[in-house]
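> Could you work out the structure for the sequence below:
(chains A and B, ligands or ions: 2)
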2 protein chains.
Amino acid sequence: MHSPATSAIWLDCTKQTNKQKLNKKYTNKTLPLSGMKKPYKEIIDLSWGDLQRAGVKPLSFVRQVLAACVYPKLLKSHAEGSEAAEGIFVSSGSYTATAGIPEIVHRVAEFITRQDGGIPSHPENIYISAGSQRNIVTILMNRKASPRTGILTPVPCYNIATLSMMAQGATVVPYYLNQEHSWELQIEELHRALESAQRVCNPVALYVINPGNPTGHVQSRKSMQEVIHFVSERSLFLLADEIDVYQDCFNGEKTEFVLMEMGPPLSDTVELASFHSASKGFMGECGLRDGYVELVNLDHTVMKYIYVLFSKDSSAPVLGQFALDLMANPPQPGDPSYPLYNVVRTDIDITTLVLADNAKRAVEVVNNMLGFCCQPVEGGAFAFPQLHLPPKAIEKEMGMKPDTYYCTRLYEESGVLVRPGSEYGQKEGTYHIRFCIATSADIMEELLKRLSIFHTQFMEDFS
Amino acid sequence: MHSPATSAIWLDCTKQTNKQKLNKKYTNKTLPLSGMKKPYKEIIDLSWGDLQRAGVKPLSFVRQVLAACVYPKLLKSHAEGSEAAEGIFVSSGSYTATAGIPEIVHRVAEFITRQDGGIPSHPENIYISAGSQRNIVTILMNRKASPRTGILTPVPCYNIATLSMMAQGATVVPYYLNQEHSWELQIEELHRALESAQRVCNPVALYVINPGNPTGHVQSRKSMQEVIHFVSERSLFLLADEIDVYQDCFNGEKTEFVLMEMGPPLSDTVELASFHSASKGFMGECGLRDGYVELVNLDHTVMKYIYVLFSKDSSAPVLGQFALDLMANPPQPGDPSYPLYNVVRTDIDITTLVLADNAKRAVEVVNNMLGFCCQPVEGGAFAFPQLHLPPKAIEKEMGMKPDTYYCTRLYEESGVLVRPGSEYGQKEGTYHIRFCIATSADIMEELLKRLSIFHTQFMEDFS
Ligand SMILES: Cc1ncc(COP(=O)(O)O)c(C=O)c1O
Ligand SMILES: Cc1ncc(COP(=O)(O)O)c(C=O)c1O
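Ligands and ions are numbered 1, 2, ... in the order given. This is a model prediction of the structure:
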């Protein structure tokens, strides 16, 4: 059998069967079942923060541009001026400057400037790299992390972030988000966490995720201001992971904006790294693996060393850099490509509405189930409802954590893939599940239906 | 001004001027000059190990497949079966499994098995990640590198490799390649280097590059066998960076093959990590940022931890995974896409011949210049000739190393970009330059012409 990738070329000249083969091989989204009899036809996988896996289609506008960068000859009028297109063709196959293609880095800075109401962002503070998490790792390398290096980290927390810190050798200092208050970040808890780190390690940074993953909360401006005062007083480096699925769902500000608004001396002194990614936003292109970090108020010599650290990766994947460019600078009314883009823009708006609806529906349905409750989902891609498991379900010896057991049975009996709260950290004795709400309304309804049926049965089994 | 990427869409419906703008923005290859008068029309940049930057065109077959993965609708017959193509469309925008798309990882294992004359390679030992260097970093993380962690590293050495080790906190223990013997890796020198590390650090690994970057040597089978005995006796982890530009230029074996051939106990015990990349081979796709590492004879618990370390990156860029698939499994005679691929294959063969010729020409021309000499280029992308600088050029106070000064003047006076040997490490008191030979015959000749003229003048100036 020849490989699917090599037969992709056949898409344009061969039979349907080849296409189907190709389709079957590389798709993750739908997982049709064969063999054993199950009470469902297809598996629903909402266990990732991956829009396309969850059934949201990539934006055709974005894909058209990327395809043109990969192979301009495919475009209709290519014959008319083939050499002209060669520039992007070739450069998409080359290493770029360490921080990214300079023109794109500039436009990302302009984008941030617009986002921050005109407060200037500087291109020399921006690095594009292969995924957001990698940026966190690189930034932490600068601190020559050792077990003495403490990083205040939320609980619950996006598990890959915690993993990155630990892999880098740092000590994770947990602070708990307040579930009863919509997973709010409360400043007293930061003080408590910092105290708790005494004699264990030397906390150098505070990591915040906004909107929360897995929690779905959106940080208020007041909370951001408190956090900024806190890191300033305690000389902590603020790592703000502010990657939203759909910016338009998200009414909160970004930390950098709030910091700049607070004026000197804070705006000149608080050290901030703020992260964004092509995996999220309206792009939702997780496979491209590009994100950027903006560094604010870092010392000149530190910046020099960070440049060296980034240069060890040679450069970021080029196609994702193009995608970030599109994200930062979508065509504007009057631009020649605006009409085409605008069609897609409408899709984005519709999807945004669907997500907002999904968030509401999920919370509503879950809160109507016995032994299940969910805080409002204000932003981000996930709902993180709490399971009030019957004691028998907790005490039962099943060789795994109770919420993992719940998720395993949910998968086996209902064909629904979600993740247990224990992967993200949760208060001792509480149990949660996390599922992605960034999907179509139909898939969301189907998930909620299967979840309801399963949950009722599960609670009965252990009552 | 709207961004080039957003106007790419206009390639198919708008005026030439837009295309030219696009071209001008993103191309790195040719750097036409404006303004000041210079004795040359275009800059030649052979300072990177980047085939496409050096003027080698990407393979249209590869680009066609990738474009189909990005946007199947572009393909002529798409209308005929549009939903079928949706699989790759969607999955190219999703995270993949940690080690890569399982089918591709399997085919890479089959590829290695074929390369190694049938000795089986196991998919569970292979990780695809965003670039070769990143793999080295991840593997070293496993060793919880500290300044006590020593890594025996060649001098001269691909500078990003050394940087990666140092960024990871390890200590680089230099061993010198023997320039007089075509940059051979000599076993006595490894013994000396290991001795020298006593009391400084604890050497845990030996890093070899084959073919050499920047040196262009190819390691003999005998040398590999000696190295294998050496690492076995000293319980070192062998890191083999065996990324060739054109496999067909390269008559040497891979370390893994030699190790397996040596049989037990060595073949069952020597810990080996061997690296490959889509940046090299006949792909030459540096912008995709995908490479793989194969791990041999690692302990089961170590492998488990390495899985965790790789999972912090979520996954490798997907389009580069497709490219690795093509590299590992090009269509075979009889496959439906073979005829199309075969046209490209001919291009590869021609390019391979050109590179072999370039290597010979470069060595010949350089060896004919006074105060310049070059060891044979047996493989890889680079020539690394030695400069015998006149004492005046060495003593002159120019605020930079003599070879950096030479390269700076070469650039200013001849528009040729190459790199000084001091960036890669060289024996005290010796000076070199490195340039890429993976370019067209025309560009190679032009470089050699400009270099000759400049060099003669430079030597005269300091005589
Ligand atoms: C808070 C947060 N940070 C980072 C990421 C990952 O971004 P990337 O794909 O760029 O690594 C995610 C993805 O889910 C996320 O939720
Ligand atoms: C020895 C060696 N290793 C690794 C690389 C880089 O590979 P990648 O682009 O996959 O990081 C190069 C590129 O020049 C190289 O020469």
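> Would you list the phi and psi of the residue nearest to A:Ala441 when sequence neighbours are not counted?
Once flanking residues are discounted, A:Ala441 sits nearest to A:Val354: 5.4 Å by CB to CB, 6 or more residues apart in numbering or on different chains. (Each C-beta comes from the backbone N, C-alpha and C, glycine too.) Phi and psi for A:Val354, reported as degrees, to the nearest 10, are phi -60, psi -40.
> quick one: A:Val354 from A:Gly379, how far?
A:Val354 sits at a distance of 15 Å from A:Gly379 (criterion: CB to CB, to the nearest Å).
> who has more neighbours, the two?
Using other CB atoms under 10 Å in any protein chain shown as the criterion, A:Val354 and A:Gly379 rank with A:Gly379 on top: 26 against 20.
> these two touch, right, the more buried one and A:Gly252?
Yes. The criterion here is CB atoms under 8 Å, and A:Gly379 meets it with A:Gly252 at 6.7 Å.
> List the residues that contact A:Ser422.
A:401, A:403-404, A:431 (CB atoms under 8 Å, 6 or more residues apart in numbering or on different chains).
> if you look at those residues, which of them are in helices?
Within those, membership in helices is found for A:403-404, as judged by DSSP state H.
> Dump the contacts of A:Ser422 into JSON lines; add neighbour count, distance to B:Gln426 and pLDDT as well.
Conversion of the contacts of A:Ser422 to JSON lines gives the following (neighbours: other CB atoms under 10 Å in any protein chain shown; distance: CB to CB, whole Å; pLDDT from 0 to 100):
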{"residue": "A:Lys401", "neighbour count": "16", "distance to B:Gln426": "56", "pLDDT": "95"}
{"residue": "A:Asp403", "neighbour count": "25", "distance to B:Gln426": "58", "pLDDT": "97"}
{"residue": "A:Thr404", "neighbour count": "18", "distance to B:Gln426": "56", "pLDDT": "96"}
{"residue": "A:Tyr431", "neighbour count": "22", "distance to B:Gln426": "61", "pLDDT": "98"}
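> how about the contacts of A:Ser422, which pair is most distant?
Across these, the longest distance by CB to CB is 9.4 Å; it joins A:Thr404 and A:Tyr431.
> Pull up the overlap in contacts between those two.
By the contact definition CB under 8 Å, 6+ apart, A:Thr404 and A:Tyr431 are jointly contacted by A:420, A:422.
> Would you mark the buried spots in stretch A:400-420?
For stretch A:400-420, burial by neighbour count (16 or more other CB atoms under 10 Å in any protein chain shown) applies to A:401-407, A:409-411, A:413-420.
> Filter these down to just the ones in strands.
Per DSSP state E, strands hold the following members of the buried residues of stretch A:400-420: A:416-417, A:419-420.
> can I get those in CSV with distance to B:Ala362 and pLDDT?
What follows is those, written out as CSV (distance: CB to CB, whole Å; pLDDT from 0 to 100):
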residue, distance to B:Ala362, pLDDT
A:Val416, 62, 96
A:Leu417, 56, 97
A:Arg419, 56, 97
A:Pro420, 60, 98
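> circling back to that earlier point, could you check how far the residue nearest to A:Ala441 is from ligand 1?
Note on A:Val354: its distance to ligand 1, by CB to the nearest ligand atom, to the nearest Å, is 19 Å.
> ditto for A:Asp461
Distance from A:Asp461 to ligand 1, by CB to the nearest ligand atom: 33 Å.
> How about the contacts made by that residue?
Per CB under 8 Å, 6+ apart, neighbours of A:Asp461: A:Ala393.
> What pLDDT does the model give it?
At A:Asp461, the model reports a pLDDT of 95.
> that's a strand at A:Ala240, yeah?
Yes. Per DSSP: H, G, I helix; E, B strand; the rest coil, A:Ala240 lies within a strand segment.
> nearest residue to A:Ala67 other than its sequence neighbours?
Nearest one to A:Ala67, counting by CB to CB, 6+ apart, is B:Tyr71 at 3.8 Å.
> okay but the one you found is in contact with A:Ser60, surely?
Yes. Using CB under 8 Å, B:Tyr71 is in contact with A:Ser60, at 7.4 Å.
> Between the two, point out the one with more neighbours.
B:Tyr71 (25 against 16).
> ranges for the strands of the stretch 1-150 of chain A?
A:31-32, A:42-45, A:126-129, A:149-155 (DSSP state E, counting those that start in this stretch).
> what's the answer for the stretch 201-350 of chain A, then?
Using DSSP E, counting those that start in this stretch, strands in the stretch 201-350 of chain A cover A:202-209, A:237-241, A:272-277, A:291-296.
> among these, which is nearest A:Leu447?
strand A:202-209 (23.5 Å).
> what about the closest one and ligand 1, any contact?
Yes. Using CB under 6 Å from any ligand atom, strand A:202-209 reaches ligand 1 at A:Ile209.
> Would you mind writing the CA trace of stretch A:231-239 as PDB?
Extracted in PDB, the C-alpha atoms of stretch A:231-239 (Å, rounded to 0.1, in the frame of the first residue of the first chain):
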ATOM      1  CA  VAL A 231       3.500  40.800  41.200                       C
ATOM      2  CA  SER A 232       5.000  44.300  41.500                       C
ATOM      3  CA  GLU A 233       5.200  44.200  45.300                       C
ATOM      4  CA  ARG A 234       6.600  40.700  45.200                       C
ATOM      5  CA  SER A 235       8.900  41.200  42.200                       C
ATOM      6  CA  LEU A 236       7.400  38.300  40.300                       C
ATOM      7  CA  PHE A 237       7.400  37.900  36.500                       C
ATOM      8  CA  LEU A 238       3.800  37.700  35.200                       C
ATOM      9  CA  LEU A 239       3.100  35.000  32.600                       C
END
